[in-house]
Every structure is written in C-alpha cells, then in structure tokens.
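Novice: The following block contains a protein sequence and its predicted model.
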Amino acid sequence: MSTQQPSVGYRAALREPVVGRLYAAFAMSVVGDYVAQGALLFLAFERTDLILGPAAVLAVAGLPAVLTGGIGGAWLDRLPRREALIGLQLLGAVSVLLPVLFDATPWVFVAAGLLGAVRAANVAVRSGAIADGVREEHRGPLLGLTGTTEQVGQVLGYLTGATLFHLIGSDAALLTDAATFVLAGIILTRLRINEQHRRAVGRDVRAGVREIFGHPILRILAPVVWMSALAGAVPETMASAITDDGDAWRTIVLISAPAAQAVTSFVIGRTEVLKRLSFQMTHLVWLALAYGLAMRFADRAPLLAAANALVGVGLAWTLGPQLAFLRHARPERMAQVTGTMIAGLIVSEAAGSLALGWLADATSVQAAYRTAGFLVLATAVVGWIAMQRTPDARALDRAFTERLFR
C-alpha cells in the first residue's frame, strides 16, 4: 500500500505530461467560460426582467449538446483527440464573440447554445484523451483537480463577469473568454497521447446508450446523474432575482455554491471513498437537505449564500460517477459514452432550469428550492434501492469498503 501512495497524489499526477497539459488547457479556458456565462446570465435577466431569462441561457444549451455530445459522439471518437480539442477551443472563441458582433437579444441565446455544444464536445473528447493517455491511478486526482478548478473558475468567472458587466458592460467579459479559449488551444498543440483505440470505433450513434445501459453499474448511475441534474442549476438560476440587498449580494449568492463545491472536490478528489456507490447516494441526501435549508432562507441573501454553499458541498457528488464512467466504459467508446452522459446532463439541467425558473416566477423562490430538494431526495432513494438490488453494484461497493478500512 505504501509503495503506491505517491502515484495517487496531485503533484505526482501533474508531473505526467499528458495530465499536466490537459489540466493546463482546461484551467486556462474554464475561467473565461464562466466569465461569459456570468455576463450572459445577468444580460438575459436585464433584458427580459424575468428569472426565465437566465434560466433560458442555461436551457438553450440542451439541443446543441445532444447533437454534439450524444449523436455526434460516434464521430468524436474517430477524430484525433488533440486536433479535436484544439478545434473546439477555436469554435468556443467564435461563439462568445457573437453577442459582441451582433447587438440583439437573440444572439445572447445563440451564443449560450453554441457554448453548450462546445462544452459537451469538449468534455467528451477530453474524457477520451484521459482514457487513452492517463493511467488509472492518476485519473482520480485529475478529476479532482478539474472539478476543483471548474468551480474555482466558476467563482472567479462569475465575479469577474458580474463586475465587468456592471462596470463597463458585457463585451469586455465576452472578449476575455474568447482570449482564454485561444490560449487553451495553443497549450493543446503540445499534447501527445496514444490513440490506438480510436481507429477501431464505428459510427453507430446508439452505441453510447447501449454501452451505458448494458453495464450493471453505469445503468444505475446514469439516470441518477440525469435526475439530480434537474435541480443542479437552482443556485445560478435564482441568484439573479436577489435584488433587495444590491448587486454585491446577487454576486455572492451566485458564487457561494461553486466555491464550496471547489473546496469539497479538492478534499475528496484523491480519496478511495469517492469510488463507493453508497457514499455517492449518501452525498445526494446531503444535497437534498441543503436545498431544504436554502428554501428556509431564500428571502435573506446573506443566509441564502451560506445555504447555497452547503448545496455546493452536495453538488461535488458528481466526481464519483465521473470516475466510475472512466473505469467501466471502453476507451474506444469513451467520447461517445461521455458525450451521451453530458448531453443528457445538459438537457436535464436545461429542463430543470426552465421548470424551476417558471415555478419561481409563478409562486416563489422558496417553492423552487423546495421542489429541488424533494426531487434530489427521491433520486437518492431510488438510486440506493437500485444499488441494493444489483449484485455487481453491491460487490463493487463492498470491495471499495474493504480497501478503505483494510
């Protein structure tokens, strides 16, 4: 055991060239990505004066994500990983420039839709690159780092995007994002990975779904991930409606969940407990309770920010399913399987954002948080029952538990 410990640390993983370059490119683009999204959320609310405005920014990514991640995953696995990642960075830069070039409200939603497509394809191809080029003992730390960085990037990006939006307008935020996409593409030009699996894959667009539902573990995790995602964007969707305490509290409410998720991801990213299915379902119960607490304080911005931080702790549960998919899906199908998952995730998040945004407009923000809590709790219960009824899932959980307490 002791001889293996150094290989699972963050620093050891980053010393591997593939890990270091994948992570550097991801870290470069993620802050700018959320700078743009933060600006688009506030811009949509300002122009529509409805919570449905920012909800729509999150929702319009659904169909493009299905096209690029789910249906297009069969072709993404056939593309060279490095060239595909570089091309996606450039496409992302073009997408965020559209609202700068065309000053009309529909272009806000066009940009959001294209960014959803780019994000889904990016995650799919990056997962394929990890499967092809990153050793298993380094995958957990890499996911922990990317999960942490994504949430830190969300915090910094939303802060910067909101600040730039309120001070000098949305154009500066979107230009910043375009620059980070280009810099990430430059970093990826030095990526070198073994792509022997890619050449063996076919073009069957249904293979990703069959791969997921043909595996005893993945067919439990996929619906649980998708169902929980219906409530995943509640903190971002509701933050725009916090106006009683001024713009500063709106921004703090917006960033509190990703900030806490970043810290939690960093803590659990290199642990064995992350691999236990029972831990993942228990983590979901925590998320449900956090939504219930946020419901109680939805009309008081400082307390809502604290409750959203607890929501962020719960949202970090998704690191476990990500690691499970890297472990159990075949490398030659990795981009297609991941693309299918991300497409479903974005569609679920989009549908949840619209439904809960409509509910908040029609009734109250408290009602939206309450509904999110009940939805996540029901998902956790169903996931736990499915796990207990699946011998392979029970055996895997027992094996990880024995390793943890050996």
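Specialist: Sure thing, it's come through. Nothing here was measured: the structure is a model prediction, and the numbers come from that model.
Novice: Spell out, range by range, the strands that occur in the stretch 1-150 of the chain.
Specialist: For the stretch 1-150 of the chain, applying DSSP state E, counting those that start in this stretch gives no strands.
Novice: Tell me if I'm right that residue 63 and residue 113 touch.
Specialist: Yes. Using Cβ atoms under 8 Å, residue 63 is in contact with residue 113, at 7.3 Å. Quick note: C-beta positions are derived from backbone N, CA and C, even for glycine.
Novice: Tell me which of the two has more neighbours.
Specialist: The neighbour count for residue 63 versus residue 113, taken as other Cβ atoms under 10 Å, is higher for residue 113 (19 against 16).
Novice: okay, that one: pLDDT?
Specialist: Residue 113 carries a pLDDT value of 84.
Novice: Please shift the residue numbers so they start at 14 in all later answers.
Specialist: Sure thing, new numbering starts at 14, so read that last one as residue 126.
Novice: So residue 244, which state does it fall into?
Specialist: The three-state assignment at residue 244 reads coil, by DSSP: H, G, I helix; E, B strand; the rest coil.
Novice: Next, count neighbours for it.
Specialist: Neighbour number of residue 244 under other Cβ under 10 Å is 29.
Novice: what are the phi and psi angles of it?
Specialist: Backbone torsions for residue 244, taken as degrees, to the nearest 10, come to phi -110, psi 0.
Novice: Spatially nearest residue to it (excluding sequence neighbours)?
Specialist: Using Cβ to Cβ, 6 or more residues apart in numbering and skipping the chain neighbours, the partner closest in space to residue 244 is residue 385 (3.5 Å).
Novice: just how off-centre is the host helix or strand of that neighbour within its chain?
Specialist: Assigned by DSSP states H and E, residue 385 belongs to helix 378-401. Centre-to-centre, helix 378-401 and its host chain are 19 Å apart (Cα atoms, centre = their mean, to the nearest Å).
Novice: Remind me what it packs against, helices and strands.
Specialist: With contacts taken as 3 or more Cβ pairs under 8 Å, 6 or more residues apart in numbering; DSSP states H and E, helix 378-401 sits against helix 231-242, helix 247-252, helix 290-309, helix 347-375, helix 404-418.
Novice: Could you pull out the buried residues of the fourth one?
Specialist: Residues 347-363, 365-370, 372-373 are the ones in helix 347-375 that count as buried (16 or more other Cβ atoms under 10 Å).
Novice: could you check the angle helix 231-242 makes with it?
Specialist: Counting by axes from the mean of the first three to the mean of the last three Cα atoms, to 10 degrees, helix 347-375 lies at 30 degrees to helix 231-242.
Novice: Pretty sure residue 203 sits against residue 31.
Specialist: No. Under the criterion of Cβ under 8 Å, residue 203 makes no contact with residue 31, lying 10.3 Å away.
Novice: Neighbour count: those two, which is higher?
Specialist: residue 31 (21 against 12).
Novice: how about the more buried one, what does it touch?
Specialist: The neighbourhood of residue 31, defined by Cβ atoms under 8 Å, 6 or more residues apart in numbering, consists of 142, 146-147, 204-206.
Novice: In JSON lines: the residues you listed, plus neighbour count.
Specialist: Below are these laid out as JSON lines (neighbours: other Cβ atoms under 10 Å):
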{"residue": "142", "neighbour count": "23"}
{"residue": "146", "neighbour count": "22"}
{"residue": "147", "neighbour count": "20"}
{"residue": "204", "neighbour count": "20"}
{"residue": "205", "neighbour count": "10"}
{"residue": "206", "neighbour count": "20"}
